[in-house]
Structure formats: C-alpha cells, structure tokens
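In: Based on what follows, work out the 3D shape:
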Amino acid sequence: MRTIPSSELIINGDGSVFHLHLKPENLADTVILVGDPGRVAIVASHFDSVECDIASREFHTVTGRYRGKRMTVVSTGIGTDNIDIVVTELDALANVDFRTRQAKSDLRTLTLLRLGTSGALQEDLSLGTFLFSRTSVGFDGLLNYYEGRDRICDLAIEHAFMQHTGWSDLLPKPYFIDADAGLFELFRDSTTEGITISAPGFYGPQGRWVRLRPADPELNAKIESFSYHGRRITNFEMESSALAGLARLMGHKAATICTIIAQRVAHEAQTDYKPFVEKMITMSLDKLAEITK
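Out: Residues are numbered from 1 along each chain as shown. Below is the predicted model:
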C-alpha cells in the first residue's frame, strides 16, 4: 500500500491538515461549501449546537448539529483552484490515516453541497431562482490533470459543445460532469435544474468586457444558443465543475445549488441578494437533515 509522502499531503504539527487546519474528528459526513467566509456564520447560525469553529486564511469551518444531524460548513474562497485544495483535504481527513499516511481500507463517503450565487444565461431564469447544477461544465481545465477524467465525464455533449462554439485550441478543453443523482432527486422539487459553466475568472472568462476585449466576443451568444437533447446551458459560476468532478473521482456525493443574482441576457443584477441566499440556506439545511445513513 502506498505511503503518501509529507510533501504530497502536509500535516501540521498539531495533527491538522495543511490549509484547512482541521483534524479528522472535526469533519462531519455532511458538508456545506460556501465561497464567502462570512457566509459560514450565516449557515452556522441555524445550527442547534456548535462543536468547533476554525479559521485559516479564506477557509473558515464550523461543525455542529442541525435538527440533530451533524454537519460541517466550510468556506472555499473563489475558484476551482481553491476547490481542488478543499475537496482534496476533506477527502484526506475522511479517508487517510494521518498516522500511517496510507489510505484507509474502509472509505467514508461525504455528501458535499455547495451553496453559491450565479448569473443566468437564459431570459426565463429570474433573479432569486434556486438553480441546481445537474451538469457542470469546467472551463478551468482542472479535471484534465487527474487520471480517470474521461471515465466520469459526458464526452458526447463535450464534443457537441466544442463543435457548436468553434472552441479555440488556446483554451483548456471543457469537461461536462453530472451532479450526484441522489442529491438531484432530493432537491428536485425545490430548485430549477440546469447546466452550469464554471469559469476560471469573473470578467473575460465569463464574457464581461470592462477595458479588455474578450478574445471571442460572441462566445456567450454561442453558449446561450447551445442545445443538447433539449437541454441548455443556464448559468455561470466558478466552482461547481471541480466539486462535481473531484467528488466523483473520489467516491463522494456532490452537487451545487446557486441563487441567481444576475441576469446576463437582460443586463440586470441584484446586489441586495441576502434574503434570497438566506432562503436557499434554510431550504438546503432542511433537505439535508432528511438524509439518514
């Protein structure tokens, strides 16, 4: 059995994992991921009790109980590169023996739900919509660095999308990955399903033009007009593809739900979106509390 070198998995002197500063006993099986560290306190304010509260860099973690169910909420910061750190370290906390530095023979399956905000790419998606990313599209290229990428991705829709958009060879090859089917069924009656793009930036990669002109000013229009077996691309955000892909490779259950706070087609945005996010958090906590093991 492979022993993981200290350079590959850094464990702090207190026995916590390098970036998150969590110890294995701090992690619940149900994990809520949020981008903003400030949103951790909003989620945790609903907990009946709190057993740990740990902050390191942009990573803030609280573990407690909601309606008797043990849950962890973690802030990831922005971007799929941060998701790579968070999901890898969460998996290590669950499935690596820190004493022997070897993978455990009995692996834990985590439930990872990201709650975020997003911009809509279709006119009929109104501000405040809760959108479930049934499929995520990685524009970031992260999953392409991992063995098994083609095994878990939908290669047919990937090929159709690249043909439709005339995908540039200068860009990372996009990947399409589905959310956990069980989580989709759990949230099906409370959300609108869609195909979500995870972009590697907020401005140019999402077609925004401030002073720097996008390399392909028509890319968003091509994305909006893409259809595959009646399904369309619905929204932009920056994390869901890495979460879905890494979780699938590692054997965890993962999904993303986002509140729509910007309408890219209508050029509208809602800056006072906290009431929408609060409602999404409450709905999600109630649904997760229904899951029994």
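In: my guess is Thr234 meets Glu123, correct?
Out: No: with contact defined as Cβ atoms under 8 Å, Thr234 does not count as touching Glu123 (11.0 Å). The way it works is simple: take the backbone N, C-alpha and C, and place the C-beta from them, glycine included.
In: Quick check on these two: which one has the bigger neighbour count.
Out: Neighbour totals were compared for Thr234 and Glu123, and Thr234 leads with 27 against 11 (other Cβ atoms under 10 Å).
In: Just the element for the closest residue to Thr191 other than its chain neighbours, please.
Out: Among residues not flanking Thr191 along the chain, Phe132 sits closest, at 3.9 Å (Cβ to Cβ, 6 or more residues apart in numbering). According to DSSP states H and E, Phe132 maps onto strand 130-138.
In: Would you state the helices of the stretch 151-293 of the chain in chain order?
Out: Ranges of helices within the stretch 151-293 of the chain are 155-165, 181-187, 219-225, 240-250, 274-289, based on DSSP state H, counting those that start in this stretch.
In: Surely the residue nearest to Thr191 and Leu186 touch.
Out: No: judged on Cβ under 8 Å, Phe132 makes no contact with Leu186 at a distance of 9.7 Å.
In: pLDDT below threshold where in the chain?
Out: Along the chain, segments meeting pLDDT under 70 span 265-267, 269-272, 292-293.
In: give me every residue that touches Leu171.
Out: Phe139 (Cβ atoms under 8 Å, 6 or more residues apart in numbering).
In: what's the spacing between it and Gly138?
Out: From Leu171 over to Gly138 the distance is 11 Å, taken as Cβ to Cβ, to the nearest Å.
In: residue contacts, the residue nearest the centre of the chain?
Out: The centre of the chain sits closest to Ser240, judged by Cα atoms, centre = their mean, with a distance of 3.4 Å. By Cβ under 8 Å, 6+ apart, Ser240 lies in contact with Arg114, Gly116, Ser133, Ser136, Ala179, Thr196, Ser198, Thr256, Cys258.
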